[in-house]
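*Asks:* This is a predicted model, with the sequence first.
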Amino acid sequence: MQRHIAVLAGDGIGEEVMEQALRVLATIDDLFGHTFSTTKALVGGAAYDTYGTHFPDETKNVCRNADAILFGSVGGPVSEMQLDKWKNCEANSILAIRKAFGFNANFRPVKIYPDLCELSPLKEDVVGRGVDMLFVRELLGDCYFGEHMSGMEGSLRVASDVSRYSEDQIAAVADTAFKAAQARRKKLTSVHKANVLDASKLWRTVVHEVGISYPDVELEDMLVDNCAMQIIKDPSKFDVLVLPNMFGDILSDAAAVLPGSLGLLASASFNKDNFALYEPPGGSAQDIAGKGIANPIAQILCVAMMLRYSFGLSEEASLIEKSVETVLKGGFRTKDIYRGKGSLVGSREMTDQIITHASSVLCKSS
Ligand code: IPM
Ligand code: MG
């Protein structure tokens, strides 16, 4: 298969974990006889240095000409936040790219393998049954894209961000979430605050309307505050969750620590034509950048997600995911998931292990 990928490594650990993820992509390319090509483009602070903007047209064009976007991370060190290079860098890059390509649905899978529950901050009896949930977060509505205002009311400073949803926005993400649930354990939890907010009342109603076309999926409503509690108390009961932008941002991060580290998770953002961007939700981690110790697994799993969802290559995707799982079971640990046992390895060594495993599995089976 021939496919072209826009590679936007960004800032901080972005560059070094992307390098590792591309090594895995090249391995899959070789093992399965595909022809993947890549074009690198700048985003975030890295783009600002060259173009004076965080998401330049040059980068947009590279993305436009690609079959999928592999994204690293953006953002600067805390000590340099006042510099123009880093001011609003994340919002200017990430929100702009979401808007430019109409990425309205964000998939964040959170999985804890029973064999790896020692890595979770939760007790073994809570996560021991296995946690496998998929957050489907709406990305283009809510207070992120409603009217923003900062001003004065008499002598008082005031500010507001309008949380707005239209029914078509809700219906689109709900439809995506129902389809995802159909392909999994057929349960969907719709998260909102319909006991208070009008936007949530509309959310609840429209999700139920869309649900009529998916009678095989069990739909439950859950208030966001209760949901926050349940994610910690009993995460194994969730399958797919569909959430408005803001609640999705917060709860998907809360859930992301359950497997043990943000460095273990991938995410994908889709538009209505199924064009997608794949990014680790973990951020640029400037404090450990350049040391070769960052966990490359999140970025590597982004490659797996891209192969599965954008290119329909599920065998290749599963091979990467299984290799990651085996290497973790084998006790290999980057610093973020090292708990005093097993082998402490850097980004490159972790990737070497994953590549070696993937290659040996395929050689054995062929
Ligand atoms: C995320 C991030 C972004 C968001 C920020 C950086 C704009 O937190 O992708 O979850 O809030 O959506
Ligand atoms: Mg976030």
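*Replies:* That came through fine. Ligands and ions are numbered 1, 2, ... in the order given.

*Asks:* Could you report the distance from the closest residue to residue 254 other than its chain neighbours to residue 248?
*Replies:* Leaving out its chain neighbours, the residue that sits closest to residue 254 by Cβ to Cβ, 6 or more residues apart in numbering is residue 231, at 5.9 Å. Every residue, glycine included, has its C-beta placed from N, CA and C. Distance, residue 231 to residue 248, by Cβ to Cβ, to the nearest Å: 12 Å.

*Asks:* ok, now residue 332?
*Replies:* 32 Å.

*Asks:* Compare these two (neighbour count), which wins?
*Replies:* residue 248 (24 against 21; other Cβ atoms under 10 Å).

*Asks:* And the residue of the protein closest to ligand 1?
*Replies:* residue 90 (3.6 Å; Cβ to the nearest ligand atom).

*Asks:* mind checking which helix or strand that residue is in?
*Replies:* Residue 90 belongs to helix 89-90 when elements are defined using DSSP states H and E.

*Asks:* Contact partners for the residue of the chain closest to ligand 1?
*Replies:* 44, 74, 75 (Cβ atoms under 8 Å, 6 or more residues apart in numbering).

*Asks:* Please name the nearest non-neighbouring residue to the first one.
*Replies:* In this case it means residue 44. residue 74 (3.0 Å).

*Asks:* Check the last one too.
*Replies:* Nearest in space to residue 75, with sequence neighbours left out and distances taken as Cβ to Cβ, 6+ apart, is residue 284 at 4.3 Å.

*Asks:* Neighbours of the one you found, how many?
*Replies:* Residue 284, neighbours per other Cβ under 10 Å, totals 25.

*Asks:* What residues sit buried inside whichever strand or helix holds residue 328?
*Replies:* If you go by DSSP H and E, residue 328 is part of helix 314-329. Residues 316, 317, 319, 320, 321, 323, 324, 325, 326, 327, 328 are the ones in helix 314-329 that count as buried (16 or more other Cβ atoms under 10 Å).

*Asks:* Can I get the residues you listed in TSV including pLDDT and distance to residue 116?
*Replies:* Formatted as TSV, these follow (pLDDT from 0 to 100; distance: Cβ to Cβ, whole Å):
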residue	pLDDT	distance to residue 116
316	98	23
317	97	19
319	98	19
320	98	16
321	96	13
323	97	14
324	96	10
325	94	8
326	95	11
327	96	11
328	94	6
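
*Asks:* Among the residues you listed, which ones lie close to ligand 1?
*Replies:* Residues of these in contact with ligand 1 (Cβ under 6 Å from any ligand atom): none.

*Asks:* check which helix or strand covers the residue nearest to residue 254.
*Replies:* Residue 231 belongs to helix 224-233, assigned by DSSP H and E.

*Asks:* and that helix, what does it pack onto?
*Replies:* strand 187-192, helix 245-256 (3 or more Cβ pairs under 8 Å, 6 or more residues apart in numbering; DSSP states H and E).

*Asks:* Can I get it in CSV? Just the C-alpha atoms.
*Replies:* Extracted as CSV, the C-alpha positions of helix 224-233 are listed here (Å, rounded to 0.1, in the frame of the first residue of the first chain):
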residue,chain,number,x,y,z
VAL,A,224,-20.1,14.7,34.5
ASP,A,225,-19.3,15.0,38.2
ASN,A,226,-20.6,11.5,38.8
CYS,A,227,-18.6,10.3,35.8
ALA,A,228,-15.4,11.8,37.3
MET,A,229,-16.0,9.6,40.3
GLN,A,230,-16.9,6.5,38.5
ILE,A,231,-13.8,6.6,36.3
ILE,A,232,-11.7,6.3,39.4
LYS,A,233,-14.0,4.0,41.4
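
*Asks:* Do a quick rundown of the strands in the stretch 1-150 of the chain.
*Replies:* Along the stretch 1-150 of the chain, the segments classed as strands by DSSP state E, counting those that start in this stretch run 2-10, 35-40, 68-73, 105-112, 131-138, 148-153.

*Asks:* Let me know which of the ones you listed is tucked in deepest.
*Replies:* For the strands of the stretch 1-150 of the chain, the largest average neighbour count (mean count of other Cβ atoms under 10 Å) is found in strand 68-73, namely a mean of 27.

*Asks:* what is the residue positioned nearest the centre of the chain paired to in the beta sheet?
*Replies:* Central residue of the chain (Cα atoms, centre = their mean): residue 267, 2.1 Å from the mean position. Judged by DSSP bridges, the bridge partners of residue 267 are residue 279.

*Asks:* need the residues of the stretch 101-250 of the chain near ligand 1, please.
*Replies:* Residues of the stretch 101-250 of the chain lying close to ligand 1 (Cβ under 6 Å from any ligand atom) are residue 249.
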